[in-house]
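> Just a sequence and a predicted model for now, questions to come.
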Amino acid sequence: MGKCLTRVLLLTVFCVTVWTMFLPAASRKADVIFIHGRIYQPPRQDAEQLDCANLPVGIPADSGIPCESHSYVEALAVKDGKVLAVGDTKAMLKLKDRHTNVVDLRGRFVLPGFNDAHLHLASGGFEKLNVDLVGTKSLTEMQEHIAERVKTAAPGEWIRGRGWDHTKWNSPTLPTREDLDAVTAGHPAIFTRVDGHICVVNTAALLAAALNKDSVDPPGGKIDRDGRGEPTGILREGARDAVDAVIPKVANSERRKAIELALAEAARRGLTSLQDNSGWQNFLVYEEIEREGKLSARITEWLAFTDSLEILEGERDHHPANDPMLRTGMLKGFLDGSLGSRTAALLAPYADDPKNYGLPQFDAMTLNHLTQERLAAGFQIGFHAIGDRGVQMALDAFADAMENARGGISPSSDLRLRVEHAQVTSFAQIERFAKFNVIASMQPNHLLTDMNWAEARLGTERAASSYAWRSFLEAGVPLAFGTDYPVEPLTPFRGLYAAVTRRNEEGTKEYFPEEKLTIDQAIAAYTSGAAFAEFAEKTKGELVPGKWADLVVLDRDITQIPPKEILGTKVLRTVVAGKTVYEAQ
């Protein structure tokens, strides 16, 4: 009798399941419905162009940039993590049943979840665990932070930290090993500049790494030296590798804690997708978090361009490529350094350092060979290139692979090639971006820091075509925006503000305003543009039926306020696949 009943129940479940599969889509009810909101819908391609002067946020009417008009819907229904329908509240409530969760937005503004197209998530988390030097206003303040950490350090423990920026100090002089020796009590110590391209170490760290007067600068790196030829403690680019090699490995528990802190910060900032450069060991922790059902953002992890094809293909095959929450993505290669550290590679010398052209990281032959080989193996490639020489190297490598039709690659191939940062460019280079369908993956928040010294570094002529967001768009080059966290804070609102104003946060300084964007263009670069850059435009980036219900609820409509007020925007709720991962108290 028991077996018979079991068979009947199983047959009933099977029949109901099959019947449900063939129900018309219109009869399916929503899991969640968001009502009474102002839900942003991007400008239609066929929308009439409006006069910029009539828009509350944008650029001067005489700038020549066409302004686009977005629209709103009032409500949104979610089924199986995707947008089922959008429309007015009354229509969406027809998709409700007794299992549906209804969220009243109470008139709040809703955007697609932000997709950060360039960040270093784990580094941001470790910054919270180690000595956080972001915002220090002087060497003395930096030393005070370090000394406080030393008080709780175990004997022989390495003291680590990140975030100092000497260009923001009253006396903008680089720190030295002696400055660290005074407060580290013999502990080996390393502190990375905010941009990640130079660091300062103390004498104990130099001894541990066997770096001394006789050490030779590595290719693409530089050891700063004093008048006697001794290392000052400043290590540029690859020169720090010798120190990194002797630092004890991070425990998995510490790695996990750092990542959890950074993920919580991302949710609090309205980020639902992260294009991340954190390294393979951190990717394995992301997998662990995902298996536990605790991953609160979609992560696409970049792989190291210089690793062997065998390693890269093994890492690509390690995790399902169709996992909507976690996957590997493009190969990230570094072609130069940063402007703040004067290691970005320039075609002409630095205007404020006439003997310095920066530090290119490759010779052309090696770069072109590796690029062609990896493209032929089916990898997307993105190059970190900040200076115009770095950008030239990237474009030349892409052109070499396509113009010679190596490995079946041609200009018509959908490769989604990327240049990360692309800060210093000529207008001729921007045209080459368009010719080879290269994406400009940029971080407008960098301008808020860099405008204090960028023109001095570059000279007026080069500066005029730097951070050239409008010129890229007008040339038909796709834009993808990110934060470069932890180089800059993990909030998209600073970037949105920078993009539409090109003014510092105090509003007292402006940087070549002809390169401003409209608010709609800036939002697109942080949402649909970023999705396009990772081959995901069909599944996310807009709140339309069929795409993931990733959204952020804000305390103000950033399209209808003075630009200065964008900086004060608060995230009220962050939603991934219809599920709330953050809600403000």
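That came in fine, so what should we check first?
> Which strand in this protein has the most residues?
strand 326-334 (DSSP state E).
> Can you give the contact residues for that strand?
With contact meaning CB atoms under 8 Å, 6 or more residues apart in numbering, strand 326-334 is reached by 275, 277, 283, 286-287, 290, 295, 298-306, 312, 315-316, 318-321, 361-362, 367, 370, 374, 379-384, 416, 418, 420, 534. C-beta: built from backbone N, CA, C; applies to glycine.
> for the record, mean pLDDT for that strand?
In this model, strand 326-334 has an average pLDDT of 98.
> Run through who's touching the next helix or strand along the chain from it.
Next along the chain after strand 326-334, taking DSSP states H and E as the criterion, comes helix 364-376. Residues outside helix 364-376 that contact it (CB under 8 Å, 6+ apart) are 305-306, 309, 312, 331, 333, 335, 381, 393, 396-398, 400-401, 404, 406-409, 415.
> Tell me the buried residues in the next helix or strand after helix 364-376?
Toward the C-terminus, helix 364-376 is succeeded by strand 381-385 as the next helix or strand (DSSP H and E). Buried residues in strand 381-385, counted by 16 or more other CB atoms under 10 Å: 381-385.
> just those now: which is nearest Arg573?
Nearest to Arg573, judged by CB to CB, of those is Gly382 at 31.4 Å.
> returning to that earlier point: export the buried residues of strand 381-385 as TSV, with columns for distance to His446 and pLDDT.
Converted to TSV, those look like this (distance: CB to CB, whole Å; pLDDT from 0 to 100):
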residue	distance to His446	pLDDT
Ile381	22	98
Gly382	17	98
Phe383	17	98
His384	13	98
Ala385	14	98
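> quick check, nearest of those residues to Asp226?
Closest approach to Asp226 among the buried residues of strand 381-385 (CB to CB): His384, at 29.9 Å.
> That closest one against Ala344, yeah?
No - with contacts counted by CB atoms under 8 Å, His384 stays clear of Ala344, the gap being 9.8 Å.
> between those two, what contacts are shared?
Shared contacts of His384 and Ala344, counting by CB under 8 Å, 6+ apart, come down to 336, 390.
> what residue is smack in the middle of the protein?
The residue lying closest to the centre of the chain (CA atoms, centre = their mean) is His118, at 2.0 Å.
> Next up, the contacts around that residue.
His118 neighbours (CB under 8 Å, 6+ apart): 275, 277, 420-421, 441, 443, 480, 482-484.
> Please, which helix or strand holds it?
Assigned by DSSP H and E, His118 falls in strand 114-119.
> next helix or strand past that strand?
helix 121-129.
> For that next one, buried residues please.
121-127.
> Put the alpha carbons of it into CSV.
What follows is helix 121-129 as a C-alpha-only set of coordinates in CSV (Å, rounded to 0.1, in the frame of the first residue of the first chain):
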residue,chain,number,x,y,z
LEU,A,121,37.9,43.9,-4.7
ALA,A,122,40.2,41.8,-2.5
SER,A,123,42.8,44.6,-2.3
GLY,A,124,40.0,46.9,-1.0
GLY,A,125,39.1,44.4,1.7
PHE,A,126,42.7,43.9,2.8
GLU,A,127,43.0,47.7,3.0
LYS,A,128,40.4,47.5,5.7
LEU,A,129,42.3,44.8,7.6
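> now for the helix or strand following that helix, which elements pack on it?
On the C-terminal side of helix 121-129, the nearest following helix or strand under DSSP H and E is strand 131-132. Here strand 131-132 touches helix 139-150, strand 159-164, going by 3 or more CB pairs under 8 Å, 6 or more residues apart in numbering; DSSP states H and E.
> what ranges of the stretch 151-300 of the chain fall below the confidence cut-off?
For the stretch 151-300 of the chain, not a single residue meets the criterion pLDDT under 70.
> what's the pLDDT at Ser341?
Ser341 is given a pLDDT of 89.
> tally of neighbours for it?
Using other CB atoms under 10 Å, Ser341 has 23 other residues around it.
> how about the strands in the stretch 51-200 of the chain?
If DSSP state E, counting those that start in this stretch is used as the criterion, the strands of the stretch 51-200 of the chain fall at 71-73, 75-79, 82-87, 101-104, 109-112, 114-119, 131-132, 159-164, 189-193, 198-201.
> right, so of these, which gets closest to Trp469?
Per CB to CB, nearest to Trp469 of the strands of the stretch 51-200 of the chain: strand 114-119, 13.4 Å.
> Which parts of the stretch 451-585 of the chain are helices?
With helices called from DSSP state H, counting those that start in this stretch, the stretch 451-585 of the chain shows them at 454-458, 460-463, 469-474, 492-501, 519-526, 528-533.
> Now the shortest one: buried residues?
Residues of helix 460-463 classed as buried by neighbour count (16+ other CB under 10 Å): 462-463.
> Just read off the phi/psi values of Glu254.
Glu254 adopts backbone torsions of phi -70, psi -40, taken as degrees, to the nearest 10.
> one step back: who does the strand holding His118 pair up with?
strand 271-276 (parallel) (DSSP bridges).
> tell me the angle of the partner strand relative to helix 519-526?
For strand 271-276 against helix 519-526, the angle by axes from the mean of the first three to the mean of the last three CA atoms, to 10 degrees is 50 degrees.
> what comes into contact with strand 271-276?
Under CB under 8 Å, 6+ apart, the answer for strand 271-276 is 113-122, 266, 297-302, 329, 482, 490, 492, 530-531, 533-534, 536, 540, 550-552, 574-576, 581.
> Using PDB, write down the CA coordinates of the helix or strand following that strand.
Remark: after strand 271-276, the chain's next helix or strand is helix 280-291, criterion DSSP H and E. Output of helix 280-291 as PDB, limited to C-alpha atoms (Å, rounded to 0.1, in the frame of the first residue of the first chain):
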ATOM      1  CA  TRP A 280      43.300  33.300  -8.600                       C
ATOM      2  CA  GLN A 281      43.500  32.600  -4.800                       C
ATOM      3  CA  ASN A 282      40.700  35.200  -4.200                       C
ATOM      4  CA  PHE A 283      38.600  33.700  -7.000                       C
ATOM      5  CA  LEU A 284      38.700  30.400  -5.100                       C
ATOM      6  CA  VAL A 285      37.300  32.200  -2.100                       C
ATOM      7  CA  TYR A 286      34.600  33.700  -4.300                       C
ATOM      8  CA  GLU A 287      33.700  30.100  -5.200                       C
ATOM      9  CA  GLU A 288      33.500  29.100  -1.600                       C
ATOM     10  CA  ILE A 289      31.200  32.000  -0.800                       C
ATOM     11  CA  GLU A 290      29.000  31.200  -3.800                       C
ATOM     12  CA  ARG A 291      28.700  27.500  -2.800                       C
END
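> helices or strands up against helix 280-291?
Using 3+ CB pairs under 8 Å, 6+ apart as the test, helix 280-291 ends up in contact with helix 121-129, helix 252-268, strand 298-304, strand 326-334.
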